[in-house]
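Enquirer: structure for the following, please:
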Amino acid sequence: MGKYFGTDGFRGEANNTLTFEHAVKIGRFLGWYYGTRLGKKAKIVIGKDTRRSSYMFEYALCTGLMASGADAYIMHVTTTPSVAYTTRVDDFDCGIMISASHNPYYDNGIKLLNGSGEKMDEETILKVEEYIDDKVSIPVATGHGIGRTIDYVEGRNRYTGYLIGMSKFSFKGVKVGLDVANGAAWQIAKNVFNALGAKTYVMNDAPDGYNINTDCGSTHIEHLQKFVVDNGLDVGFAYDGDADRCLCVDEKGNVITGDHIIYIYGLYMKERDKLLNNKVVTTVMSNFGLYKALDKVGIEYEKTKVGDKYVYENMVQNGHRIGGEQSGHIIFTKYATTGDGILTSLKMMEVLLAKEKPLSELAAPVVFYPQVLKNVYVKNKADAQNDPDVQAAVSKVSEELGDEGRILVRESGTEPVIRVMVEAGSDGTCAKYVDQVIDVIREKGHIAE
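Expert: Numbers count the residues shown, from 1 in each chain. Coordinates of the predicted model:
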């Protein structure tokens, strides 16, 4: 990770951590960089979510791009996966999404995608950061070299058509609830499900610039749970602000997490001989119950660091077809280069209709283990993590848990924090082992005052 860009872009409070000047500079560099490298006017596509500040950042990026000679194609309010799709299929040099995902409205972010619709490589990101910090200078375009903006709503429409054409089934007669989080999916998701014949019930579809993710969407799924039960719906889907993730609710009002989705669709693929390498990809934060369920059906798995970026890298390197995070970032590499919430919901509908079973029955084999996670503020993360006595304490817990649980100790990527997590048969067992390790961290003097 760089100085400004993390695993999911440059994110922070609008005009505080992330300013419009930053956006102008990002546009300036990308317009110049791709135009110079390719020897022609750069073509760059931009999408945004519904935050009030997204309009400011859109215009700032466009200003920077045009001043460097690039043409900026504007998709307006749309999802992150739609920008990735459009960048790839319409031969753009790169793509930009303006969103802070599931964060509150006052935050925003700038996500950069390469010409294949994948997260931009670290080398290029570092060059962008050097320009932001005035370590390099670039010329401005003049005369015929100045760029322009082009309305590109057709990109969003083509993506919507792509999703509709992907379904193998009619949704006629199925009652579907959608919580679109007052965010980027607020038009696309309903249009897709309506076109496929579902009886669609939509909530939180009135964005006003300030209510994105506010007590709604995948981070507040309790409202969709009640909505599904109260309306007697067959299934519900909740998205986050930029719709790159999806959580589900079954017909009984139970939450179906990303772990459940990986199991359900992974097994569906295995049954049809479509699960290449007989493996799914998870992160280290997936619940122990998922692995127990996968073991029972003979599906193998990989574990990556937390972050859909690492999941995708593993999938591409090893030729795996499905992977994701418990939070609902699910990646289907045959169809997309990013997590895609609406695509995920369509894939779950496919399994429901193909197997003619309710979602509660499909998810039942994944029995979540109780989990306790505590954050410990430390003086130095590496010193605490690598302390021989701390490692010995972790090994002792792991040995005592055996096949009936697990312990995970990892460093936070953004705070001076060590996270200690245990999954086991009861909350009491989890808490006992977590505290056992934290006591050693404290005894060795690593905890910050």
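Enquirer: any low-confidence regions in the stretch 201-350 of the chain?
Expert: Judged by pLDDT under 70, the stretch 201-350 of the chain has no weakly predicted residues.
Enquirer: tell me which stretches of it form strands.
Expert: Listed in chain order, the strands of the stretch 201-350 of the chain (DSSP state E, counting those that start in this stretch) span 235-239, 246-249, 255-256, 279-283, 300-304, 322-324, 330-332.
Enquirer: contacts for the first one?
Expert: The set of residues external to strand 235-239 that reach it, using Cβ atoms under 8 Å, 6 or more residues apart in numbering, is 174-181, 183, 185, 189, 217-218, 221, 224-225, 227-228, 245-251, 341-342, 344-345, 348-349, 352, 359. (Each C-beta comes from the backbone N, C-alpha and C, glycine too.)
Enquirer: next SSE after the host helix or strand of Val409?
Expert: Using DSSP states H and E, Val409 falls within strand 406-411. Next along the chain after strand 406-411, taking DSSP H and E as the criterion, comes strand 417-423.
Enquirer: please save the CA atoms from the following helix or strand past that next one in CSV.
Expert: Using DSSP H and E, the next helix or strand after strand 417-423 towards the C-terminus is helix 427-443. Output in CSV follows, covering the C-alpha atoms of helix 427-443 (Å, rounded to 0.1, in the frame of the first residue of the first chain):
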residue,chain,number,x,y,z
ASP,A,427,-18.5,-18.1,23.4
GLY,A,428,-16.9,-18.9,26.8
THR,A,429,-14.2,-21.0,25.2
CYS,A,430,-13.5,-18.3,22.6
ALA,A,431,-13.2,-15.6,25.3
LYS,A,432,-11.0,-17.7,27.5
TYR,A,433,-8.4,-18.3,24.7
VAL,A,434,-8.5,-14.7,23.4
ASP,A,435,-7.8,-13.4,26.9
GLN,A,436,-5.1,-16.0,27.4
VAL,A,437,-3.1,-14.6,24.4
ILE,A,438,-3.8,-10.9,25.3
ASP,A,439,-2.5,-11.6,28.8
VAL,A,440,0.8,-12.6,27.4
ILE,A,441,0.9,-9.5,25.1
ARG,A,442,0.3,-7.4,28.2
GLU,A,443,2.9,-9.2,30.4
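Enquirer: Asn211 - nearest residue in space that isn't next to it in sequence?
Expert: Asn182 (4.5 Å; Cβ to Cβ, 6 or more residues apart in numbering).
Enquirer: and Asn287, by the same measure?
Expert: Per Cβ to Cβ, 6+ apart, closest to Asn287 is Phe368, 4.9 Å.
Enquirer: count the neighbours of the one you found for me.
Expert: Residues lying near Phe368 (other Cβ atoms under 10 Å) number 16.
Enquirer: not counting sequence-adjacent ones, nearest residue to Met348?
Expert: Cys248 (5.9 Å).
Enquirer: the helix or strand containing Arg11 pairs with which strands, parallel or anti?
Expert: Here Arg11 sits within strand 9-13, counting by DSSP H and E. Here strand 9-13 is paired, per DSSP bridges, with strand 5-6 (antiparallel), strand 107-113 (antiparallel).
Enquirer: C-terminal to the longest one, what's the next element?
Expert: Where DSSP H and E defines the elements, the next helix or strand beyond strand 107-113 is helix 122-132.
Enquirer: tell me how this structure divides into domains.
Expert: Split into domains by automatic domain parsing, the chain comes to 5-155, 167-363, 371-443.
Enquirer: now do the contacts for the nearest residue in space to Lys379 that is not next to it in sequence.
Expert: In this structure, Lys379 finds its nearest non-sequential neighbour in Ala448, 5.1 Å apart by Cβ to Cβ, 6+ apart. By Cβ under 8 Å, 6+ apart, Ala448 lies in contact with 377-379, 416.
Enquirer: how much space between Ala448 and Arg410?
Expert: The gap separating Ala448 from Arg410 is 17 Å, by Cβ to Cβ, to the nearest Å.
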